[in-house]
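Chemist: Give the three-dimensional model of this entry:
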Amino acid sequence: MSLPGLEPNEYPPIDPGEPVPDDAGELLPDTPDELPAVPVEPLPDDGEEGGVREPA
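Modeler: Next up, the predicted model:
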């Protein structure tokens with residue numbers, strides 16, 4: 001079964017019998033080695049402006 005709109009040259013069919021490569025770069029060559037830093041989530045506030053309220 002194939003999905004409409006997918007180019008077979010760009011997205012070749014997956015063979016479930018083929019072993020998965022050890023290097024993820026083979027599957028995703030444009031992926032950076034390190035992920036960007038995660039932004040800090042705001043903490044619940046004590047009524048201060050711009051803070052995040054605790055769920056009720």
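Chemist: Low-confidence ranges, this structure, go.
Modeler: Filtered on pLDDT under 70, the chain yields the residue ranges 1-6, 42-56.
Chemist: change it to 80
Modeler: 1-14, 20-21, 23-33, 40-56 (pLDDT under 80).
Chemist: quick one: residue 31 and residue 23 touch, right?
Modeler: No: taking contacts as CB atoms under 8 Å, residue 31 lies outside contact range of residue 23: 11.0 Å. Using the backbone N, CA and C atoms, a C-beta is placed for each residue, glycine as well.
Chemist: and residue 27, how far is that from residue 20?
Modeler: 8 Å (CB to CB, to the nearest Å).
Chemist: what residues do the two have in common as contacts?
Modeler: With CB atoms under 8 Å, 6 or more residues apart in numbering applied, the contact sets of residue 27 and residue 20 do not overlap.
Chemist: ok but residue 25 is inside a helix, no?
Modeler: Yes: the assignment for residue 25 (DSSP: H, G, I helix; E, B strand; the rest coil) places it in a helix.
Chemist: Residue 27: what's it in contact with?
Modeler: Neighbouring residues of residue 27 by CB under 8 Å, 6+ apart: residue 21.
Chemist: same thing but 10 Å
Modeler: Applying CB atoms under 10 Å, 6 or more residues apart in numbering, we find residue 27 in contact with 20, 21.
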